[in-house]
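Asker: Kindly generate the corresponding structure for this input.
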Amino acid sequence: MQIQWLTGLFLAGFVAGAAGEAAAQSANIAYGAAPRTDYVVFLDHAATLSPIAKNMVHEAAAAAMSARTVNVSGSRQYAEVVKGQLVRDGVPAAAVVVTPKVEDGVPVLSDGTPDIAKRRVEISF
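Answerer: Okay, here's the model as predicted:
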């Protein structure tokens, strides 16, 4: 009799544990990570996209397809290059808003190359 009671307790605990695990799994699905809404791209000195930067813009474009507005901010020259790639990747041109940032006091390296902060472009939506 005691063995049956212990077996019943074990089975009840096992079933409760399985139900709790299933509930935890459904909670994980229901509360998945929020979609990413910000991307940072660094362009080279000639204002062209490297393969890595182009891939980042492509990812941003795919994620931003349903966004009403896609904000691109950075140096105007670099931001316009990123906007062009977003449009080539399918984002409507009218949805892309370029906000130029003036980088006052950005240090220039000894070879005349502007600091990497000047070549940074942010994409958000």
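Asker: shouldn't Arg76 be in contact with Pro100?
Answerer: Yes. Between Arg76 and Pro100 a contact is recorded at 3.9 Å, counting by CB atoms under 8 Å. All C-beta atoms are positioned from the backbone trio N, CA, C, and that covers glycine.
Asker: what's the nearest residue to Tyr54 if we skip its chain neighbours?
Answerer: Rather than Tyr, residue 54 is Lys. Computed as CB to CB, 6 or more residues apart in numbering, the closest residue to Lys54 that is not its neighbour in sequence is Gln85, at 6.4 Å.
Asker: can you pull the pLDDT of the one you found?
Answerer: According to the prediction, Gln85 has pLDDT 96.
Asker: That one - how many residues pack around it?
Answerer: 21 (other CB atoms under 10 Å).
Asker: quick thing: my sequence starts at 9, can you match it?
Answerer: Sure, I'll start counting at 9 from here, so that last one is Gln93.
Asker: residues contacting it?
Answerer: Contact analysis of Gln93 by CB atoms under 8 Å, 6 or more residues apart in numbering lists Leu57, Lys62, Val65, His66, Ala69.
Asker: do Ser83 as well
Answerer: Taking CB under 8 Å, 6+ apart, one finds Pro108, Lys109, Glu111, Lys126, Arg127, Val129 in contact with Ser83.
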